[in-house]
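> Sequence plus predicted model, see below.
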Amino acid sequence: MAESRVSKKKEPRPRCTEECKRLRRVRARASYRLFWELYDFLNGRPSRAAILRKVHDILDFRRSFGSERNAVYAAESLELVLKDNGEVVSEEKRPANNESDAAAKPPDSASERRVGKGNGAVDVLAQRPGERVVVEIETGKSNTKENLTKIAHADFDRVVLVATSPAGSEACQKAMGAVTDGPPVQLLTWLDIS
């Protein structure tokens, strides 16, 4: 007996409503990912010290302290508050804040990698066996010479400066002329990468 085929019409997928579209936009935001990460972090039942350090790191990453000096002061204040309240965390749990700590556990690639004292952070650190490359994005608003000096005293093989504006390019050229020690420095502009 021959089987009869009954063609089934595919039911159309329901259209995404405005609310559905809004939820997709919200879930695509960096703030949504940040709160998701914090939610997971808190599920691990971290200590008060770990929570406060996480808050400091988030504010520092977003440059919310306003300056490198203020970020250093905030870190010192946080550590003193923790000490005054008996919250002692072993050294291996503390975030790396000097170049020997940073060199001890280098990632394959990372953004905002700490270098030197305070908030001396590079924008991107990329590495593979035998080579560590730093990429600094320069707008012309930061102290490029100071940044390049800190990088020169850290253990990197190459530095790439990416200037995002004419002011950034000028600041990079001046800094490159003033800082002669350290690894080779390559300057790219927004015109090179656009």
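Alright, I've got the coordinates.
> how about stretch 150-167: buried residues?
Residues of stretch 150-167 classed as buried: 150, 151, 154, 156, 159, 160, 161, 162, 163, 164 (neighbour count, 16 or more other C-beta atoms under 10 Å). Using the backbone N, CA and C atoms, a C-beta is placed for each residue, glycine as well.
> Now do the SS call for the third one.
Going back to what we said before, that points to residue 154. Using DSSP: H, G, I helix; E, B strand; the rest coil, the structure places residue 154 in coil.
> all strands in the chain, in order from the N-terminus.
Secondary structure of the chain, counting by DSSP state E: strands at 109-114, 121-128, 131-138, 158-163, 185-189.
> Out of those strands, which is the most enclosed?
Among those, strand 158-163 has the highest mean neighbour count (mean count of other C-beta atoms under 10 Å), at a mean of 21.
> Output the lowest mean pLDDT helix or strand found in this protein.
helix 99-104 (a mean of 38; mean pLDDT, DSSP states H and E).
> related to what we said a few turns ago, out of the buried residues of stretch 150-167, which two sit at the greatest distance?
Maximum pairwise distance among those (C-beta to C-beta): 22.9 Å, between 154 and 164.
> Where does pLDDT dip in this protein?
By pLDDT under 70, the weakly predicted segments of the chain are 1-10, 13, 88-121, 194.
> how much space between residue 131 and residue 160?
Noted for residue 131: a distance of 12 Å to residue 160, by C-beta to C-beta, to the nearest Å.
> Can you report how many residues neighbour residue 140?
Counted with other C-beta atoms under 10 Å, the neighbours of residue 140 add up to 15.
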